[in-house]
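A.B. asks: with the sequence up front, the predicted model follows.
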Amino acid sequence: MKLIVCSDIHDNIWALQRALDSLPQEEAALLFCGDFCAPFTLVQLAEGFAGPIHVVWGNNDGDKFLLTQQASRFAHVTLHGEIAEFEWAGRRILANHYPQIARRLAESASSDIVCYGHDHIAHEVLLQNGVLLLNPGEIMGRFGRSTYHVVDLFSMRGQLVEIPAN
């Protein structure tokens, strides 16, 4: 079982499509750590990934009404609000958009994995308390690389995946 973690699309639908084309889809759930921007980006993600999708809001997800309305069209999409808390493959997973909040959640040791986005910088660290804290980087590619993270939930090993350019 896998957890795919991505963040910060910022309406780059071209990079999102390249990511969707490369995502492992079997026995996988997807966690989105915020900043779709427009509702059509959420729709593209939901149409392109068949497994469960869990979403937290980012600071650039301004039209929450329309994002919520679009998400309701898809039974496999769960909007969690500011903090996601769910279980997948026996692992307790938490997420928030912001690094500072995510670190505090991870330090509480009440989860196996804590994910975040916002700063667009890919980061993975196993804390002393055994919690995996990670940022998948950005789908957008603003800083030169479009990336997402795949975590094998049995081994708890993560892999940063760089999305090929055109």
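C.D. replies: That came through, no problem.

A.B. asks: name the element the residue lying farthest from the centre of the chain belongs to?
C.D. replies: No residue in the chain sits farther from the centre than Gln128, which is 23.2 Å out by C-alpha atoms, centre = their mean. If you go by DSSP states H and E, Gln128 is not part of any helix or strand.

A.B. asks: check what pLDDT it gets.
C.D. replies: If you check Gln128, the pLDDT there is 92.

A.B. asks: that one and Ala109, how far apart?
C.D. replies: Plainly put, Gln128 is 9 Å away from Ala109 if you go by C-beta to C-beta, to the nearest Å. For every residue, glycine as well, the C-beta is placed using N, CA and C.

A.B. asks: now do Met1
C.D. replies: Counting by C-beta to C-beta, the gap from Met1 to Ala109 is 22 Å.

A.B. asks: now do Leu66
C.D. replies: 37 Å.

A.B. asks: after whichever strand or helix holds Phe40, which helix or strand is next?
C.D. replies: Element membership for Phe40, per DSSP H and E: helix 39-48. Where DSSP H and E defines the elements, the next helix or strand beyond helix 39-48 is strand 53-56.

A.B. asks: setting aside sequence neighbours, what's the nearest residue to the residue nearest the centre of the chain?
C.D. replies: For the chain, Phe32 is the residue whose C-alpha lies nearest the centre (C-alpha atoms, centre = their mean; 2.6 Å). Nearest residue to Phe32 in three dimensions, chain neighbours excluded: Val55, at 4.7 Å (C-beta to C-beta, 6 or more residues apart in numbering).

A.B. asks: give me the pLDDT for Gly144.
C.D. replies: 86.

A.B. asks: would you list every one of the helices in the protein?
C.D. replies: With helices called from DSSP state H, the chain shows them at 13-22, 39-48, 64-71, 99-107.

A.B. asks: and of these, who's closest to Leu160?
C.D. replies: Nearest of the helices of the chain to Leu160, taken as C-beta to C-beta: helix 13-22 at 12.7 Å.

A.B. asks: please point out which parts of that closest one sit buried.
C.D. replies: 15-16, 18-20 (16 or more other C-beta atoms under 10 Å).

A.B. asks: for Arg142, which non-adjacent residue is closest in space?
C.D. replies: Closest to Arg142 by C-beta to C-beta, 6+ apart is His120, at 6.2 Å.
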